[in-house]
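J.: Coordinates only, no sequence provided:
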């Protein structure tokens, strides 16, 4: 274009397309004003000192001078490639057309290149492609850990060099997925995966998970690193972090995590990238929520199966006993009865009564469990002497203890201490705790039931046994429904301790356990000695 007139140059400078002419080696012979502005060419630099290939993305450098044989065939060639649009290596997609020209007085071949910006169209295409692939990933598995790992891998294939996914599980932040474009960075990735984000940091995924607001960091080196683990900063630096974009994972108005895209280019991310990031984050949050709901459903199904199994076992035995004793009574009734049969009949009726009581006890436990789960367990609080309730419980349970040769010892500071409680519920509490201790205690051992004043308004009770004890990993679960049944340690419904906790909670007290494996367990509970004040009512 060095042969064009000044008028032609002015015309080319006025059009919105990029126009330049290049020599066979790629050196720029001429470029219009739009080319200079959009490719951020320094005003003081002569375009003749530049090569067109300096502005083309390294992955698109196949846009080269054709071979001699191709030169004879092609006068015009088109391609889509990325041109550097800023000094910070921000690239934009362009449709480039290259046309061969010759001047009559110069045998040297020149090429005229015109370029049209396709970045918005290309980005829309990329966005749709990424969203389509993310939908495939989300639909492929209910294992959200695997799903999030695949999302991180997709991100580093398309819009990031590094991707991190963090979740909040039971109030604790957890890094569940990290992926990098370079497979040789595996060791660094594994180290970064072990670093949890700091919720108190002023910037980064921890801040996003705390506030629910996204963050765009155009220059990683200028980021506020206060409160962040030093090894995290070092790892991100070694992984080439230059800019980043973090969006929250939100589902049902709750923040459950954060999704971070990191680039090795400064100013890589802008506000225009947020809609895509939020779309991926929304789908990721739904995938996590669905997986958790599925896990909860599986747990509920498992518990239902356990309930059915427990009911089948625990109801079958007493019902069989009732049936057997009823059959014997029928045979006795059809024969001539003698005086010697009277004790037998009384024993048969006693057996039926005991079996019926077992069934009623199990049904009552199941109903109480349902009330506890719903958060409504009725209690009618009245002043009751703790010693009297304990004696009633011991009268019933002493027979069970004697069968195993277990001594029930009491250590009550003041048996006349009054507690504002529902008498029947507290009797049920004592029965459940002492019966549980009898079940797990060895023969010829002892169980100690003690009461003392915790303070002026609290009574502290303890049931201590010399059983096998409870391991540290199982101790947090002992008040869960069906915990015993799940561990298959002893026969029974596994509802007793769950009901005990529900009763104590309903009275405004606390219940907990301490245990040493091989030495036994202590079950503590506190009960208010005075009724809770009723809330004041508005005057009518």
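T.: It's in. A quick note: this is a predicted structure, and the numbers were derived from the prediction, not measured.
J.: can you give me the strands for the stretch 1-150 of the chain?
T.: For the stretch 1-150 of the chain, the strands defined by DSSP state E, counting those that start in this stretch occupy 18-22, 28-31, 76-84, 91-103, 106-117.
J.: Mind putting those strands into CSV with distance to residue 9?
T.: Placement of C-beta: from N, CA and C, glycine included. Output for the strands of the stretch 1-150 of the chain, formatted as CSV (distance: least, C-beta to C-beta, whole Å):
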stretch, distance to residue 9
strand 18-22, 10
strand 28-31, 8
strand 76-84, 21
strand 91-103, 16
strand 106-117, 13
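J.: so how far is the host helix or strand of residue 431 off the chain centroid?
T.: In the assignment (DSSP states H and E), residue 431 maps to helix 423-440. Offset of helix 423-440 from its chain centre (C-alpha atoms, centre = their mean, to the nearest Å): 37 Å.
J.: again with stretch 132-140
T.: Its chain's average C-alpha position is 19 Å from that of stretch 132-140, according to C-alpha atoms, centre = their mean.
J.: and what of stretch 50-63?
T.: 45 Å.
J.: Ends of stretch 254-272, what's the gap?
T.: Using C-alpha to C-alpha, to the nearest Å, one end of stretch 254-272 lies 25 Å from the other.
J.: If you average the pLDDT over it, what comes out?
T.: Averaging pLDDT along stretch 254-272 gives 89.
J.: That one: which residues count as buried?
T.: Buried residues in stretch 254-272, counted by 16 or more other C-beta atoms under 10 Å: 255-264, 266-269.
J.: what do you get for stretch 176-187?
T.: Buried residues in stretch 176-187 (16+ other C-beta under 10 Å): 176-181, 185.
J.: Which residues does it contact?
T.: By C-beta atoms under 8 Å, 6 or more residues apart in numbering, the residues outside stretch 176-187 that reach it are 144-145, 148-149, 151-153, 155-157, 160-167, 188-189, 192-193, 239, 257.
J.: so the residue nearest the centre of the chain bridges to which residues?
T.: Of all residues in the chain, the one closest to the mean position by C-alpha atoms, centre = their mean is residue 169, 4.3 Å from it. Beta bridges link residue 169 to residue 172 when assigned by DSSP bridges.
J.: next one: residue 101
T.: residue 110.
J.: what's the neighbour count on it?
T.: 12 (other C-beta atoms under 10 Å).
J.: where does it land on pLDDT?
T.: Note on residue 101: pLDDT of 82.
J.: and if you look at the one 4 residues further on?
T.: Reading off the confidence values, residue 105 has pLDDT 73.
J.: Relative to residue 262, how far out is residue 239?
T.: 8 Å (C-beta to C-beta, to the nearest Å).
J.: Give the intersection of the neighbour lists for these two.
T.: By C-beta under 8 Å, 6+ apart, the residues touching both residue 239 and residue 262 are 161-162.
J.: thinking again about what came up before, farthest-separated two in the buried residues of stretch 176-187?
T.: Spatial extent of those (C-beta to C-beta) is set by the pair 176 and 181 at 19.2 Å.
J.: Return the backbone torsion pair for the residue lying closest to residue 109 once chain neighbours are set aside.
T.: Leaving out its chain neighbours, the residue that sits closest to residue 109 by C-beta to C-beta, 6 or more residues apart in numbering is residue 24, at 5.7 Å. Dihedral pair for residue 24: phi -60, psi -30, per degrees, to the nearest 10.
J.: Would you tell me which helix is longest in the protein?
T.: If you go by DSSP state H, the chain has its longest helix at helix 274-334.
J.: Could you list every helix and strand in contact with that helix?
T.: Judged by 3 or more C-beta pairs under 8 Å, 6 or more residues apart in numbering; DSSP states H and E, the packing partners of helix 274-334 are helix 119-140, helix 144-158, strand 243-251, strand 254-263, helix 341-374, helix 483-487.
J.: and that helix with strand 243-251, angle?
T.: Angle, helix 274-334 to strand 243-251, by axes from the mean of the first three to the mean of the last three C-alpha atoms, to 10 degrees: 30 degrees.
J.: now helix 274-334, how far from the centre of its chain.
T.: Counting by C-alpha atoms, centre = their mean, helix 274-334 comes out at 24 Å from the chain centroid.
J.: Helix 119-140 and that one, what's the angle between them?
T.: 10 degrees.
J.: Domain parsing of the protein, as residue ranges.
T.: 1-117, 123-295, 296-372, 377-528 (the TED database).
J.: Pick out the shakiest of those domains, pLDDT-wise.
T.: domain 296-372 (a mean of 71).
J.: and residue 94, bridged to which residues?
T.: Beta-bridge partners for residue 94, by DSSP bridges, are residue 81, residue 117.
J.: Tell me which of the strands of the stretch 1-150 of the chain is the most buried.
T.: strand 18-22 (a mean of 22; mean count of other C-beta atoms under 10 Å).
J.: Report the contact partners of the closest residue to residue 126 other than its chain neighbours.
T.: What sits nearest to residue 126 in space, not counting adjacent residues and going by C-beta to C-beta, 6+ apart, is residue 158, at 6.8 Å. Residue 158 makes contact with 126, 129-130, according to C-beta under 8 Å, 6+ apart.
J.: Doesn't residue 174 belong to a helix?
T.: No - looking at residue 174 with DSSP: H, G, I helix; E, B strand; the rest coil, it is strand, so not inside a helix.
J.: Report the separation between it and residue 194.
T.: Taking C-beta to C-beta, one finds residue 174 at 11 Å from residue 194.
J.: So for the two, which sits in the more crowded spot?
T.: residue 174 (14 against 11).
J.: follow-up on the earlier one: among the strands of the stretch 1-150 of the chain, which comes closest to residue 371?
T.: So among those, strand 91-103 is nearest, using C-beta to C-beta, at 64.2 Å.
J.: got the angle between the closest one and strand 18-22?
T.: Going by the same axes, to 10 degrees, strand 91-103 makes 50 degrees with strand 18-22.
J.: what helices or strands is strand 91-103 leaning on?
T.: Short answer (3+ C-beta pairs under 8 Å, 6+ apart): strand 91-103 packs on strand 76-84, strand 106-117, helix 119-140.
J.: The last one versus helix 144-158: what angle between them?
T.: Using the same axes, to 10 degrees, the interaxial angle of helix 119-140 with respect to helix 144-158 works out to 160 degrees.
J.: swap in the second one?
T.: Using the same axes, to 10 degrees, one finds that strand 106-117 and helix 144-158 are set 150 degrees apart in direction.
J.: which other residues reach strand 106-117?
T.: With C-beta under 8 Å, 6+ apart as the test, strand 106-117 has contacts from 1, 3, 17-24, 29, 35, 38, 52, 65, 71, 83, 92-103.
J.: From residue 480, how far out is residue 50?
T.: 72 Å.
J.: neighbour-wise, which of those two wins?
T.: Taking neighbours as other C-beta under 10 Å, residue 50 and residue 480 compare with residue 50 leading, 19 against 15.
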